[in-house]
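Asker: below are the sequence and a predicted model for it; my questions follow.
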Amino acid sequence: MSSADINDYSSRCVGTVNTAEHRVFVSYNGHVVSTLHDVPLLPNPNDSNENTELILNMIVEAPRWTNAQMTIAPGEAFAPVRQAVRRNRRLAYVRNTFPHRGYIWNYGALPQTWSEGAPLHACELGERIAQVGDVRRVRVLGLLAPRDEGVLRWTLLVVDIADPLATRLHNIADVERECPGLISATKEWLRLYKVAAGKAENTLDGEVEGLDFTRNILQAAHKAWRNIVTASVSSALVDLTNITISNSPGHVPGGDEELHKNLKGTREEAQIPSSTSKWWYLGTS
């Protein structure tokens, strides 16, 4: 699957949207695969030249302008995307922190990476609005280092290579020129997005890092994932079920046919809390 065509991926939904039972699985040529283990980080495994641009696969968790905090569930078989649940067992939503409505980019995770108890994440800055479970081929532009409730969460800034903006965005300087204000808005969003829910402001370590630094972070995160999926390092947070990693104890070559049969699509949506449409005015101290 390392050279898979991006169009061979699709998403499969189970359960009613906006409920704790809702799951979005990624499938490849009609068969369910693990979003964390089976979708390759590098679409082109030969992309090792440090002088070339860096193209990765990204799994979309939360599309732009949406509020539901959708996230890959690494502890479940095939790591579907599900809505996060708060400690009070209520579904988690991002508040509209003025002037930002929900997520201000397509937010997602990078497959085959692991850092600080989760996959690396990315903000996709293009114009197109994605869907939950989309596999997007993205160009790396830079890297931010937000501390979310004190935990360092490396977050890549990327653009979908099929997006209309992609021909003009190759690095952070291009983003500043073509999309003035977007980087500062991204920093503000990452800093303030939990304040309306009663949490403290997050912090950012330093400025946007460039491609060389980002490669080092990616290599370390990919190695950490590799150690987990092959059981060189144990992690209770990660289910190892996969169909492509032959030296993994969770390798299931034929996939889970029973799961495949039971994946029933649905267009039903449960009502979401009215508070998701409210504006929260916090200032920009």
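Answerer: All right, it came through fine. These figures come from a predicted structure and were not determined experimentally.
Asker: so where do the strands sit in the stretch 151-285 of the chain?
Answerer: With DSSP state E, counting those that start in this stretch as the criterion, the stretch 151-285 of the chain has strands at 151-152, 155-160, 203-204, 279-280.
Asker: avg pLDDT for the second one?
Answerer: It stands for strand 155-160. Per-residue pLDDT over strand 155-160 has a mean of 98.
Asker: tell me what it is packed against?
Answerer: Contacts defined by 3 or more CB pairs under 8 Å, 6 or more residues apart in numbering; DSSP states H and E place strand 155-160 against strand 55-62, strand 121-124, strand 135-144, helix 182-192. In this view, the C-beta of every residue, glycine as well, is placed from N, C-alpha and C.
Asker: the last one too?
Answerer: Using 3+ CB pairs under 8 Å, 6+ apart as the contact definition, the elements that strand 279-280 packs against are strand 96-97.
Asker: so what does the strand it packs on touch, helix or strand wise?
Answerer: Partner elements for strand 96-97 (3+ CB pairs under 8 Å, 6+ apart): strand 279-280.
Asker: so which residues of this structure form helices?
Answerer: Under the criterion DSSP state H, the chain contains helices at 172-178, 182-192, 211-229, 257-262.
Asker: export the ones you listed to a markdown table and append columns for distance to residue 26 and mean pLDDT.
Answerer: A markdown table is the format used below for the helices of the chain (distance: least, CB to CB, whole Å; pLDDT from 0 to 100):
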| stretch | distance to residue 26 | mean pLDDT |
| --- | --- | --- |
| helix 172-178 | 28 | 96 |
| helix 182-192 | 26 | 96 |
| helix 211-229 | 16 | 96 |
| helix 257-262 | 12 | 62 |
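Asker: dump the strands of the stretch 151-285 of the chain to JSON lines, plus distance to residue 184 and mean neighbour count.
Answerer: Formatted as JSON lines, the strands of the stretch 151-285 of the chain follow (distance: least, CB to CB, whole Å; neighbours: other CB atoms under 10 Å):
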{"stretch": "strand 151-152", "distance to residue 184": "21", "mean neighbour count": "12"}
{"stretch": "strand 155-160", "distance to residue 184": "12", "mean neighbour count": "26"}
{"stretch": "strand 203-204", "distance to residue 184": "11", "mean neighbour count": "14"}
{"stretch": "strand 279-280", "distance to residue 184": "19", "mean neighbour count": "14"}
